[in-house]
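S.K.: With the sequence up front, the predicted model follows.
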Amino acid sequence: MPKLDEAELTRLTDREIAASGIGSSPAALRAYRDLQTAVYELQPFDTAAVQSEAAAAAELAENAGDLANTAQATGELAQGTADSAMTRADDAYDLADTKVTKNAGPTFAAPVAAPARTALPAYTGGAAAVAYDQAEITALKAQVATLTSIVAGLITDLRANGALKAT
């Protein structure tokens, strides 16, 4: 059987193939171009093989579309699951924020002494004698006053930072 004459038929361009409804995917275009090659250039008995290959290529393109749709649906499902998990995590965080309380121990009143934030001096008092003298008592009172002002500063700072409850 003789080959068909190109003058009798017109080859379609890729744009015309896509516009015909066959599709514009590379597989569809290649399959139609192969079919045209078979019609114009190959022997007639080769045309059936090319048509079979073109049908297989079209089926592959359709399967690829189905797989893409499945992947899209799976992605959307995963996104929904992630959004749901994020909402549950936000709800748990909000619930924990309102239910968890910290206990800083007993309540301290504001100190009466003037706060001092100086270095804590070492105690320099001497050994106590059998009979206390005026100098020993004065040194002890000064040390107690220093300790009181430093402890007052410590309590004030702890209360200001939320480590101790205010009355």
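M.R.: Happy to help now that I have it. Numbering: from 1, shown residues only.
S.K.: what helix or strand is the most centrally placed residue in the chain on?
M.R.: Nearest to the mean C-alpha position of the chain, by CA atoms, centre = their mean, lies M86 at 9.7 Å. Assigned by DSSP states H and E, M86 falls within helix 44-99.
S.K.: Over to L140?
M.R.: Secondary structure from DSSP H and E places L140 in helix 134-160.
S.K.: What mean pLDDT does that helix get?
M.R.: The average pLDDT within helix 134-160 is 84.
S.K.: re earlier: what packs against the helix holding M86?
M.R.: Under the contact criterion of 3 or more CB pairs under 8 Å, 6 or more residues apart in numbering; DSSP states H and E, helix 44-99 touches helix 26-41. Using the backbone N, CA and C atoms, a C-beta is placed for each residue, glycine as well.
S.K.: for the helix it packs on, which positions count as buried?
M.R.: Neighbour-count burial for helix 26-41 flags A27, A28, L29, A31, Y32, R33, D34, L35, Q36, A38, V39 (criterion: 16 or more other CB atoms under 10 Å).
S.K.: what do you get for stretch 152-167?
M.R.: For stretch 152-167, burial by neighbour count (16+ other CB under 10 Å) applies to A152, G153, L154, I155, T156, R159, L164.
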